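J.: Curious how this folds, go ahead:
(chains A and B)
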2 protein chains.
Amino acid sequence: MGNEGNKGITAKKNENFSDWYTEVVQKAELADYAPIKGFMIIRPTAYAIWERIQEWFNNDLKNLGVKNAYFPLLIPDSFFKKEAEHAEGFAPELAYVRGTEEGELLALRPTSETIIYDSFSKWIRSWRDLPLKINQWCNVIRWEVKQTKPFLRTREFLWQEGHCAFINEEEAKKNQEEIIICYKKMVEDLLAIPVIIGEKSEMERFPGAKSTKAIESIMPDGKALQCGTSHVLDQGFAKVFNLNFKGEDEKDHLAWTTSWGFSTRLIGALIMVHGDDKGLVIPPKVANNKAVIVPIFDSKNKEKIILKAKDLAKKLTKYNPLLDERDSYSPGWKFSEWEMKGIPLRIEIGPKDIEKKQVVIVRRDNGKKEFVPETNVTERVEELLIEMQKDLFIKAEKLLNSKIDKAETLVDLKKKIKEGKMVKAYFKNDKKVEAHIKEELDGATSRFIEKLSKKGKCVHTGELVDTIGYFAKGY
Amino acid sequence: MGNEGNKGITAKKNENFSDWYTEVVQKAELADYAPIKGFMIIRPTAYAIWERIQEWFNNDLKNLGVKNAYFPLLIPDSFFKKEAEHAEGFAPELAYVRGTEEGELLALRPTSETIIYDSFSKWIRSWRDLPLKINQWCNVIRWEVKQTKPFLRTREFLWQEGHCAFINEEEAKKNQEEIIICYKKMVEDLLAIPVIIGEKSEMERFPGAKSTKAIESIMPDGKALQCGTSHVLDQGFAKVFNLNFKGEDEKDHLAWTTSWGFSTRLIGALIMVHGDDKGLVIPPKVANNKAVIVPIFDSKNKEKIILKAKDLAKKLTKYNPLLDERDSYSPGWKFSEWEMKGIPLRIEIGPKDIEKKQVVIVRRDNGKKEFVPETNVTERVEELLIEMQKDLFIKAEKLLNSKIDKAETLVDLKKKIKEGKMVKAYFKNDKKVEAHIKEELDGATSRFIEKLSKKGKCVHTGELVDTIGYFAKGY
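T.: Have a look, this model is predicted:
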């Protein structure tokens, strides 16, 4: 661990985005390939980011009255067959274990609506038991046939999945909405990645959902990345899983349910949006170690300088700084290593600095270096972290805006998608029309739809319509 | 959810321990049976306990320099076959998925030594890369054939597994020791369950380990429950997984490894040790909600009393109190419900209390009720929580001590085990002898061995030996 550090990233982000990504993932020690195809190992640098995300969202869950629980990894195959759309949507991705006794086929969960509703049907009796709001943090398995890529598409990933039941559709919709807003706030404030909230078309909805809202971001290569989704499910689920309850009116009713989730994909988005040719850049708020202290010493002054560096580390405890006191590596080698690993601030402290009662602080994102008086270090670190977080977001927002375009004809739409844009275009909101457009677009799909008051011509049928689609290729 | 509350626990802890346990698990809403045999659903009350355990131990991990990561759920079957003892130990419990392309058999992890060492072999090059200290929180699958019981024996459970590599055996031993001490401290200080640290006999060791240390507690029915284990592994693992490194001496060496873990079984221990005929008792330190406020009101004074209760809840925010303001249930019904769910303190506030500027506080463990002046509530809550935590431990320690006995003959050993004791007895520390004794003991095994300076007669062979075993039935 660590010897890879000084080799540096060889691919350029602007020239070969895909190779650059793969190299950063490996060299910043974010993930490693597993011995089984399509699986990955999440290494500590990346896992710590996931833990900070969990902390943030667990706080949201608490405020929303959602409780964490844990449901089984294995789900009877028969459960998937109960809801037709859900069954169709997930069938190709299921992996199975065979139960020993009965020989029943057991699926490794790709998502847990079915097994959770099976419990809900036992727990919900009357309106008093609603709303019921449950979340779980777990691993899921989707046996991808497409090319896999660490964090972005793997056969196993980690996620949270929230599942709630309500007395009516209105409350379910409210929950769907408040969750997607929490997601947006988390991704923007914590990860410094700007996202757009939108509604999915019928074709792109979650299998079994009545409505799917998503937050999407656009990566530097122009591909959209779905960062989280929130669904109001069709009552088909409630029907087949008997989610009925006695209302205040003493009559039987069917509950309305929502489900919502985000996954370790977010780490992939973070790498792509903020990383640069030196490697990873971790936004300060989500960085486990917000600074690394690199003492610069020789054999004569080592003791004195290390002591000073330790004092400094203690002062900065709040920021959980790393202290790199290894003497088998040069300062330059260490600088590259920590840049590669994306630590927000580097604090250098050498003999001259001690003389001048100062330290050197270097920001990871823009490389700006400044001399800071010892007495002012804590305040300055705090300021720099806030500034860096803000600047990363502003830069990413500029990128996002530069990637959104519009088209009035299918030819123009195709051209702009090829250029790596997310393109807004009027289209007839109909499964068949959308399928036709998708065919023309070499894999690009509608990421959202939006109803406008002004009508326009459908790029496919030429009819006057009021819906636009946001088309883009996606991860 | 909640309607079960007023039915109360019908089985008595002292009369039918097993039924009592099952009832508490269900009625305190700790776990539910899953639709697949041998699996369970961990409900929010229990999951919150697990989260507090995670917080505590994550802090230990940080202090020990262990980093969290995540490794794949699926492990190539061939990995298990590499280390003979490990293979033999886990073979009966493996469940498999078949990989699509190559058709290789993939096991659902029962533990992750093999797949983690596969990564370690890539990450470890020189002595500079050591120690390497990794932990993961995850689900594991062991296809139990024995009768399953929620938390105690299920085919899937949650746990942490730590895996470390060191330059020599001495460092590995040190790690094994510091971990088992952390485990003891956590289980005793947080869960208020006294445990004994001991060394496992060759027969009872982890498959592939050179040494296994465990913490064990004794349950009210006299069965021992292993609460955590810490192993120094035999270098057999290091050999087959190529964990070699270049030493400071420029020569090749094999690393020494440790692994250690505890699981959601701890929740089972907590239920059994502290619970009573009213239901669950959660030790204050591990309780998510340390108090529940029950306002006592009628339609006339409701508003005023709820307002007061909310003020109180705000004052006690630090203790994350529940406020039960439902008006569809009576105060008595609520009292039973929260007693069943084990909330440490109940705070009642009614019209008379408001008049007298006081509240009523009732301790869950001993039912003691006291009137506390409003101005003194925070201080008194703090004191009562500390006292209750201490008292629960003292009570549990008395139980533990009352369950330990000794025997000098096999007949006596058998008799005392039947009486529900953990029994110390001299025996020849030899696999065959131990197997013979085990056969005689109707399923009881040696939980630990200990070398004494004073010799005694082996209960089986009659030879003079210096080792005693702690024999008991186990969960």
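J.: Looking at the stretch 301-450 of chain A, which residue is nearest chain B?
T.: residue A:328 (6.1 Å; C-beta to the nearest C-beta). Any C-beta I mention is one placed from the backbone N, CA and C, and that applies to glycine too.
J.: Would you agree that residue falls within a strand?
T.: No - when classified by DSSP: H, G, I helix; E, B strand; the rest coil, residue A:328 is found to be coil rather than part of a strand.
J.: I'd guessed it sits against residue B:128; true?
T.: Yes - judged on C-beta atoms under 8 Å, residue A:328 makes contact with residue B:128 at a distance of 6.1 Å.
J.: And those two? Which one has more around it.
T.: Neighbours around residue A:328 and residue B:128, counted as other C-beta atoms under 10 Å in any protein chain shown, are more numerous at residue B:128. The numbers are 15 against 9.
J.: pretty sure that one is touching residue A:327, no?
T.: No - the pair residue B:128 and residue A:327 does not pass the contact test of C-beta under 8 Å, sitting 10.9 Å apart.
J.: Now do the contacts for the residue nearest to residue A:239 when sequence neighbours are not counted.
T.: Across the structure, with C-beta to C-beta, 6 or more residues apart in numbering or on different chains as the measure, the residue nearest residue A:239 apart from its sequence neighbours is residue A:254 (6.4 Å). Shown here is residue A:254, whose contacts under the criterion C-beta atoms under 8 Å, 6 or more residues apart in numbering or on different chains are A:235, A:238-239, A:243-244.
J.: got it, and residue A:256?
T.: Under the criterion of C-beta under 8 Å, 6+ apart, the neighbours of residue A:256 are A:165-169, A:171-172, A:232-233, A:235, A:238.
J.: Quick check: most distant residue from the centroid of chain A.
T.: residue A:300 (47.7 Å; C-alpha atoms, centre = their mean).
J.: on that earlier part again, closest one of the contacts of residue A:254 to chain B?
T.: Top of the list for closeness to chain B, among the contacts of residue A:254 and by C-beta to the nearest C-beta, is residue A:243 at 13.5 Å.
J.: tell me which element the closest residue to residue A:181 other than its chain neighbours falls in.
T.: Of all residues not flanking residue A:181 in the chain, residue A:197 sits nearest, at 7.6 Å (C-beta to C-beta, 6+ apart). Residue A:197 is part of strand A:196-199 when elements are defined by DSSP states H and E.
J.: right, and residue A:46 touches residue A:267 too?
T.: Yes - under the contact definition of C-beta under 8 Å, residue A:46 touches residue A:267, with a separation of 5.3 Å.
J.: Pull up the overlap in contacts between the two.
T.: Taking C-beta under 8 Å, 6+ apart as the contact criterion, the common neighbours of residue A:46 and residue A:267 are A:30, A:151.
J.: what does the model give the closest residue to chain B within the stretch 151-300 of chain A for pLDDT?
T.: Nearest residue of the stretch 151-300 of chain A to chain B: residue A:156, at 5.6 Å (C-beta to the nearest C-beta). You'll see residue A:156 listed with a pLDDT of 97.
J.: that older thread, contacts made by the strand holding residue A:197 with the rest, please.
T.: A:180-181, A:184, A:211-217, A:400, A:447-450, A:470.
J.: Taking these, tell me the two that lie furthest apart.
T.: Every pair in the contacts of strand A:196-199 was compared (C-beta to C-beta); the two farthest apart turn out to be A:211 and A:400, at 24.3 Å.
J.: Any regions of chain A where pLDDT drops low?
T.: Segments of chain A classed as low confidence (criterion: pLDDT under 70) are A:1-7, A:100-102.
J.: and the longest strand seen in it, what does it pack onto?
T.: What stands out as the longest strand in chain A, according to DSSP state E, is strand A:445-457. Helices and strands touching strand A:445-457, by 3 or more C-beta pairs under 8 Å, 6 or more residues apart in numbering or on different chains; DSSP states H and E, are strand A:196-199, strand A:209-218, strand A:422-426, helix A:431-440, strand A:464-472.
J.: Reformat those as a markdown table; add distance to residue B:259.
T.: Conversion of those to a markdown table gives the following (distance: least, C-beta to C-beta, whole Å):
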| stretch | distance to residue B:259 |
| --- | --- |
| strand A:196-199 | 45 |
| strand A:209-218 | 39 |
| strand A:422-426 | 47 |
| helix A:431-440 | 49 |
| strand A:464-472 | 46 |
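J.: what residues are up against the nearest residue in space to residue A:438 that is not next to it in sequence?
T.: Across the structure, with C-beta to C-beta, 6+ apart as the measure, the residue nearest residue A:438 apart from its sequence neighbours is residue A:445 (5.6 Å). With contacts taken as C-beta under 8 Å, 6+ apart, residue A:445 has the following neighbours: A:203-204, A:438, A:471-474.
J.: so which of the residues you listed comes closest to residue B:371?
T.: Among the contacts of residue A:445, residue A:204 lies closest to residue B:371 (C-beta to C-beta), at 61.7 Å.
J.: What count of nearby residues applies to the closest one?
T.: Other residues lying near residue A:204 total 19 when counted by other C-beta under 10 Å.
J.: was I right about it contacting residue A:211?
T.: No - taking contact to mean C-beta under 8 Å, the distance of 11.6 Å between residue A:204 and residue A:211 leaves them out of contact.
J.: which element is the most centrally placed residue in chain A on?
T.: Most central residue of chain A, judged by C-alpha distance to the mean C-alpha position with C-alpha atoms, centre = their mean, is residue A:266 at 1.9 Å. Assigned by DSSP H and E, residue A:266 belongs to helix A:265-274.
J.: Please apply the same query to residue A:136.
T.: When secondary structure is defined by DSSP H and E, residue A:136 falls within strand A:132-141.
J.: now check that strand, is it near chain B?
T.: Yes - where contact is defined by C-beta under 8 Å from any C-beta of the partner chain, part of strand A:132-141 touches chain B, namely A:132, A:134, A:138-139, A:141.
J.: Downstream of the lengthiest helix in chain A, the next helix or strand is which one?
T.: Looking only at chain A and at elements set by DSSP state H, the helix with the highest residue count is helix A:377-402. On the C-terminal side of helix A:377-402, the nearest following helix or strand under DSSP H and E is strand A:404-406.
J.: Can you select the buried ones among the contacts of strand A:196-199 for me in PyMOL?
T.: The command below creates a PyMOL selection of those among the contacts of strand A:196-199 that count as buried (16 or more other C-beta atoms under 10 Å in any protein chain shown):
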select buried, chain A and resi 180+184+211+212+213+214+215+216+217+400+447+448+449+470
